[in-house]
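In: Dropping the sequence and predicted coords here.
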Amino acid sequence: MPALHEKLIPVFDDVVRRNPGEIEFHQAAREVLESLGPVVAKHPDYIDSQILGRLCEPERQIIFRVPWTDDNGRVQVNRGFRVEFNSALGPFKGGLRFHPSVYLGIVKFLGFEQIFKNSLTGLPIGGGKGGSDFDPKGRSDAEVMRFCQSFMTELYRHIGEYTDVPAGDIGVGGREIGFMFGQYKRITNRYESGVLTGKGLTWGGSQVRTEATGYGTVFFVEQMLAAKGRKLDGMRVVVSGSGNVAIFAAEKVAQLGGTVIAMSDSGGYVVDENGIDLNLVKDIKLNRRARIADYATERVDGARFIDGGSIWDVPCDVALPCATQNELTGADAASLIRNGCVVVAEGANMPCTPEAVRAFEEAGLLFAPGKAANAGGVATSALEMQQNASRDSWNFAYTEERLRIIMKDIHDRCLGTAEEYGAPGNYVAGANIAGFTRVADAMVAFGVV
Ligand code: GLU
């Protein structure tokens with residue numbers, strides 16, 4: 001592990017002591033702290049006023065019981081979370097994840113990342129995250145509705161347009177946001193559009209929000225390549241996952257002339273050298289909520305499904321991990337490097353392990369961390385909030401252009417900051433430092449609160 005600046009060692013030790021067993025949170029905190037050595041050397045006041053100590057401790061953590069009744073009349077009990085991490089720059093903002101792996105450590109790592117990601121967008125949003133260990137897989141629409149209603153029956157008292165604005169993440173899409181918004185509206189008797197983002201287009205949602213995380217990741221890659229005088233056109237791209245982020249990343253790659261040759265889900269991966277047929281993936285994943293293995297059986301000409309295995313063994317120019325945390329290991333990074341990959345950009349949150357990131361840095365690959373590359377989703381959520389606040393709605397082309405400009409700005413801010421702090425070309429350092437300083441300056445301005 002790279003060393004921490006001596007002033008940051010006690011901060012990290014406190015994170016580990018106060019949050020025992022929450023390994024994903026430790027990992028996310030350590031990754032940011034490792035970048036901040038040059039910042040605290042330059043600004044000892046950040047240490048004196050305990051900005052880091054305060055940043056690593058969420059402003060508020062809520063854990064609640066979510067009881068609901070399944071289709072067989074049996075009572076089920078899940079656990080719900082909302083970690084309101086930092087509101088220096090705006091209301092807490094970040095998604096809800098419904099997945100059996102969710103526990104406090106996952107929610108905290110996501111919430112912590114969200115602070116810096118949201119700061120990097122340049123928009124007025126703080127950081128938070130939530131979710132539940134509820135597993136939507138195999139559940140009927142009616143079961144999902146009852147779960148969402150029960151979840152919101154507790155959550156509603158903690159959120160609000162000016163307080164905390166949840167959205168989707170893994171397992172939470174338009175359907176779940178609809179059920180939760182309906183319940184919030186019913187309980188509060190307020191049509192408060194700005195309390196949730198990722199809403200449907202006919203009831204306060206924004207154009208491009210569905211596509212934004214994936215599109216934004218590819219806009220970011222476009223900028224990374226442009227900085228080296230290269231283009232995505234003609235490149236072979238591997239995209240892990242086949243959820244919202246992966247599907248729309250793949251769509252934008254294809255629009256820009258790249259070829260997506262592999263995608264995956266938790267069961268394995270498909271390789272289609274002629275280019276993945278995205279309409280088929282959308283039908284399998286978004287309409288039928290089925291498995292990616294079906295792709296190979298339904299598309300006969302040359303597609304193959306590999307049960308298990310690692311998608312990162314497929315040779316490519318660009319790798320976009322868009323599935324979940326720690327899905328790309330040191331060994332995976334070694335095969336990408338060996339096979340000549342030139343760019344890796346994280347569409348998911350923290351999909352590359354620290355060993356993988358180190359291997360990319362040593363090999364001199366272009367590597368973009370999720371808090372920069374996947375910020376397009378939350379940035380478009382902030383655009384949705386803007387439209388809600390002004391009771392307006394923008395068209396697709398205008399909103400997509402706003403997203404493209406935001407991603408270019410984030411890219412340039414990362415590169416400029418990395419240069420300023422003596423780490424030219426290092427997007428990890430640039431993202432962490434630029435994200436941090438904006439939050440830190442607001443916290444200093446507010447005094448000890
Ligand atoms: N869950 C997304 C993320 O990881 C989006 C959050 C939002 O739109 O608030 O950034």
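Out: Done, it's in.

In: Shouldn't A356 be within a helix?
Out: Yes. The assignment for A356 is a helix, going by DSSP: H, G, I helix; E, B strand; the rest coil.

In: Quick check: closest non-adjacent residue to whichever residue of the stretch 201-350 of the chain sits closest to the ligand.
Out: Shortest the stretch 201-350 of the chain-to-the ligand distance, computed as C-beta to the nearest ligand atom: residue-wise this is N349, at 5.4 Å. Where C-beta positions appear, they are placed from N, C-alpha and C, glycine not excepted. Nearest residue to N349, sequence neighbours excluded (C-beta to C-beta, 6 or more residues apart in numbering): G370, at 4.9 Å.

In: K252 now?
Out: Taking C-beta to C-beta, 6+ apart as the measure, K252 lies nearest to V218, with 3.8 Å between them; neighbours along the chain are not counted.

In: ok, the one you found touching A249?
Out: Yes. Between V218 and A249 there is a contact at 5.5 Å, judged by C-beta atoms under 8 Å.

In: okay, those two: which has more neighbours?
Out: For V218 against A249, the residue with the higher neighbour count under other C-beta atoms under 10 Å is A249, and the figures read 32 against 29.

In: about what we covered before: now for the residue of the stretch 201-350 of the chain closest to the ligand: which residues touch it?
Out: By C-beta atoms under 8 Å, 6 or more residues apart in numbering, the contact list for N349 reads 109-110, 113, 324-325, 370-371, 374.

In: Repeat the analysis, applying 7 Å as the threshold.
Out: 110, 113, 325, 370, 374 (C-beta atoms under 7 Å, 6 or more residues apart in numbering).

In: next one: V253
Out: Contacts of V253 by C-beta under 7 Å, 6+ apart are 218, 232, 237, 260.

In: how far is the helix or strand encompassing it from where the chain is centred?
Out: Element membership of V253, judged by DSSP states H and E, is helix 244-255. Chain-centre distance of helix 244-255: 15 Å, with C-alpha atoms, centre = their mean, to the nearest Å.

In: Going by neighbour count, which residues of that helix are buried?
Out: Of the residues in helix 244-255, those with enough neighbours to count as buried (16 or more other C-beta atoms under 10 Å) are 244-254.

In: and if you look at stretch 101-114?
Out: Of the residues in stretch 101-114, those buried by neighbour count under the rule 16+ other C-beta under 10 Å are 102-114.

In: Just give the closest residue to V32, not the sequence neighbours.
Out: Ranked by C-beta to C-beta, 6+ apart and with sequence neighbours excluded, the top spatial neighbour of V32 is N432, at 4.9 Å.

In: now the top helix by length along the chain: mean pLDDT?
Out: The helix spanning the most residues in the chain, taking DSSP state H as the definition, is helix 396-420. Per-residue pLDDT over helix 396-420 has a mean of 98.

In: Check which residues of that helix are buried.
Out: In terms of neighbour count (16+ other C-beta under 10 Å), helix 396-420 has its buried residues at 399-400, 402-404, 406-407, 410-411, 413-415, 417-418.

In: can I get these in TSV with distance to the ligand?
Out: Listed next are these as TSV, based on distance: C-beta to the nearest ligand atom, whole Å:
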residue	distance to the ligand
T399	14
E400	16
R402	15
L403	12
R404	17
I406	13
M407	13
I410	13
H411	17
R413	17
C414	16
L415	21
T417	20
A418	22
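
In: Now do the SS call for the residue lying closest to I311 once chain neighbours are set aside.
Out: Using C-beta to C-beta, 6+ apart and skipping the chain neighbours, the partner closest in space to I311 is Y269 (4.1 Å). Here Y269 is recorded as strand under three-state DSSP.

In: and Y269, what is it in contact with?
Out: Going by C-beta under 7 Å, 6+ apart, Y269 touches 262-263, 306, 309, 311.

In: what residues are up against L225?
Out: Contacts for L225 (C-beta under 7 Å, 6+ apart) come out as 231-232, 343.

In: re the thing from before, please identify which pair of the contacts of Y269 lies farthest apart.
Out: Using C-beta to C-beta, those span at most 13.5 Å, a distance reached by M263 and G309.

In: Distance from the helix or strand in which Y215 is found to the middle of the chain?
Out: Under the criterion of DSSP H and E, Y215 resides in helix 209-227. Going by C-alpha atoms, centre = their mean, the spacing between the C-alpha centre of helix 209-227 and its chain's C-alpha centre is 13 Å.

In: Now do it against helix 396-420, angle only.
Out: Comparing the axes of helix 209-227 and helix 396-420 via axes from the mean of the first three to the mean of the last three C-alpha atoms, to 10 degrees yields an angle of 40 degrees.

In: just checking, what packs against the helix or strand following helix 209-227?
Out: Moving toward the C-terminus from helix 209-227, the first helix or strand encountered (DSSP H and E) is strand 236-240. Using 3 or more C-beta pairs under 7 Å, 6 or more residues apart in numbering; DSSP states H and E, the elements in contact with strand 236-240 are helix 244-255, strand 259-265, strand 318-321.
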